[in-house]
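Novice: Here is my input; please provide its structure:
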Amino acid sequence: MADAADWVAIAVLGRTHATRGEITGISLGSKPERFQKLEAVYLFGNVASGEGVRFEVESVWAHGERLVFKFRGIETMSDAEAWQGAEVRIPVAEREPLEEGEFYISDLIGCEVWDRKPGERLGVVAAMREFGGPGLLELDNGLMIPYVKAICVHIDPAARRIDVELPEGLREVNKP
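Specialist: Coordinates of the predicted model:
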């Protein structure tokens, strides 16, 4: 099938829910309304080949902090148990459009980060970390940079570049 870069994980499946093949999931995005529009998804996780299996979505509904998915073809609790821990993915081309100035985390991973003032390359974004405040861009060298407009002043995922203006002392406090 396609390369991993062609997919976006939108949820991770958890436990079964009831006996009709429903399964809980945790959203990996900030737009839960997107799940109401899903027609089909690919589940990755229980197939040795690593390829996704396409399922039509019968329904998705909120149950507390979690989502409950019902997929056509997963009809029993045993069917659903086989998909526990699987990622729910869609093709990159089917991502929801973003507002001006918003970016998908997956588009930031791999971007080079440059400090504008000295014109110095700081590293490459390896991950986005969340600790209850603004997100932190974690660079490949361990440096953590707050993901806020005042610091990340220019973001160009197409050019794979993020320009930052670091507050004085951030590097010293943040040495890996």
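Novice: Which residue comes closest to Ala86 once chain neighbours are left out?
Specialist: Counting by CB to CB, 6 or more residues apart in numbering, Ala86 lies nearest to Gly45, which is 3.0 Å off, once chain neighbours are set aside. From N, CA and C alone the C-beta is placed, and that goes for glycine too.
Novice: burial measure for the one you found, as a count.
Specialist: Neighbour count of Gly45, defined by other CB atoms under 10 Å: 17.
Novice: which ones are touching it?
Specialist: Taking CB atoms under 8 Å, 6 or more residues apart in numbering, we find Gly45 in contact with 13, 83, 85-87.
Novice: before we move on, what about Cys111?
Specialist: So Cys111 contacts 124-125, 155, 157, 160-162 (CB under 8 Å, 6+ apart).
Novice: on that earlier part again, please report how far the residue nearest to Ala86 lies from Ala93.
Specialist: Relative to Ala93, Gly45 is positioned 22 Å away (criterion: CB to CB, to the nearest Å).
Novice: do the same with Ile151
Specialist: Using CB to CB, we find Ile151 at a distance of 31 Å from Ala93.
Novice: which one of those two has more residues nearby?
Specialist: Using other CB under 10 Å, the more surrounded residue of Ile151 and Ala93 is Ile151, with 17 against 7.
Novice: wait, the more buried one sits on Val164?
Specialist: Yes: between Ile151 and Val164 there is a contact at 5.4 Å, judged by CB atoms under 8 Å.
Novice: tell me, what's touching those two both at once?
Specialist: Ile145.
Novice: so how far is Asp163 from the residue lying farthest from the centre of the chain?
Specialist: What lies farthest from the middle of the chain is Pro118; by CA atoms, centre = their mean that is 31.9 Å. Using CB to CB, we find Pro118 at a distance of 12 Å from Asp163.
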